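**Student:** what's the 3D shape of this:
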Amino acid sequence: MSSGRGIGGGVSRCYPFFAEFKECLKTESLITQEDGTRKWKNNCWQVREDYFECLHAKKEWAMVRRVNEEEKRQAEIAAGGQ
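**Tutor:** Presented below is the predicted three-dimensional model:
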C-alpha cells in the first residue's frame, strides 16, 4: 500500500487517502491540557477514518444495506404485505 502502486501499475485507489493520513501523522502530537487530559493536536482521526473507509467501505455497505431493506419494505407495502 505505501508504494502507491495498484494492481494495474497505476496509483492505487486509496493511496491519496494514505498519503494525506501519512502527512497528517508527521505533524501529529499529544498536548497535555491544564486539567491533565491529553488531546491530539491535529485531528488525524478524521483523515484516518477517510482512509479506512476507502480500504474497507463499511459505511458504504451499511448504506447499501439500508437502501435495500427500505426498497424491500416499500415493495411489501405496495404488494399489501402489511
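**Student:** Determine how far the lowest-mean-pLDDT helix or strand in the chain lies from the middle of the whole chain.
**Tutor:** When each helix and strand of the chain is scored by mean pLDDT, DSSP states H and E, strand 38-40 comes last, with a mean of 75. Centre-to-centre, strand 38-40 and its host chain are 21 Å apart (CA atoms, centre = their mean, to the nearest Å).
**Student:** tell me what the helix or strand following it is packed against?
**Tutor:** Tracing the chain past strand 38-40, the next element assigned as helix or strand by DSSP states H and E is helix 44-56. Judged by 3 or more CB pairs under 8 Å, 6 or more residues apart in numbering; DSSP states H and E, the packing partners of helix 44-56 are helix 15-27, helix 58-78. Backbone N, C-alpha and C define where each C-beta goes, glycine included.
**Student:** Quick check: the residue most central in space within the chain vs residue 44, distance?
**Tutor:** The centroid of the chain falls nearest to residue 53 when counting by CA atoms, centre = their mean (2.5 Å). Distance from residue 53 to residue 44, counting by CB to CB, to the nearest Å: 15 Å.
**Student:** cool, and residue 28?
**Tutor:** Applying CB to CB, the value for residue 28 to residue 44 is 5 Å.
**Student:** Comparing those two, which shows the higher neighbour count?
**Tutor:** The neighbour count for residue 28 versus residue 44, taken as other CB atoms under 10 Å, is higher for residue 44 (19 against 15).
**Student:** pLDDT below threshold where in this protein?
**Tutor:** Low-confidence segments of the chain (pLDDT under 70): 1-6, 81-82.
**Student:** mind running it again at 50?
**Tutor:** For the chain, the stretches with pLDDT under 50 are 1.
**Student:** Check the contact between residue 50 and residue 18; I expect there is one.
**Tutor:** No - using CB atoms under 8 Å, residue 50 makes no contact with residue 18, being 10.0 Å away.
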